[in-house]
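Visitor: Predicted structure and sequence below. I'll ask about it afterward.
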Amino acid sequence: MSDHSKNLLYISKKPIIVFFILLSLAWIVPAINLMIHGQISSSIKLFLFGCAYLIALFIAQTFFKRMLILYQKNLDKSIKKSKGQKYLKNRRLSK
């Protein structure tokens, strides 16, 4: 089993897409409702706020995911290095 398949950071993008679609409905539905009731300026403001919020959330999520993946890679390297050093130390002690 590879490190990528064990790590939950490498999951498919489908749940993330579904999350953003459901979250965008919180702004799309009220914006359409405001537009139907003739409040077009409020509708546009709400829609633009929702878009800006989703973009900011997506950028933050992407940044944190990359940061966690890098941390995991460094942790894996450190663990492998530590195991190698323990093997060499035990080998020296057994001689």
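Guide: Nice, thanks for sending it over.
Visitor: tell me what the host helix or strand of residue 63 is packed against?
Guide: Taking DSSP states H and E as the criterion, the element that holds residue 63 is helix 40-94. Contacts defined by 3 or more Cβ pairs under 8 Å, 6 or more residues apart in numbering; DSSP states H and E place helix 40-94 against helix 14-36. Every residue, glycine included, has its C-beta placed from N, CA and C.
Visitor: switch to 10 Å and redo it
Guide: Packed against helix 40-94 by the contact rule (3 or more Cβ pairs under 10 Å, 6 or more residues apart in numbering; DSSP states H and E) you find helix 3-6, helix 14-36.
Visitor: That one vs helix 14-36, what angle?
Guide: 170 degrees (axes from the mean of the first three to the mean of the last three Cα atoms, to 10 degrees).
Visitor: Average pLDDT for helix 40-94, rounded please.
Guide: Helix 40-94 shows a mean pLDDT of 84.
Visitor: For the helices and strands packed on helix 40-94, which has the smallest mean pLDDT value?
Guide: Here the lowest mean pLDDT among those goes to helix 3-6, at a mean of 52.
Visitor: so which of the helices and strands packed on helix 40-94 is the most packed in?
Guide: Scoring those by mean neighbour count under mean count of other Cβ atoms under 10 Å gives helix 14-36 as the most buried, with a mean of 13.
Visitor: by contact count, what packs against it?
Guide: When contacts are defined as 3+ Cβ pairs under 10 Å, 6+ apart, helix 14-36 sits against helix 40-94.
Visitor: Run the chain-centre distance for the helix it packs on.
Guide: When distances are taken as Cα atoms, centre = their mean, to the nearest Å, helix 40-94 is centred 8 Å away from the chain's centroid.
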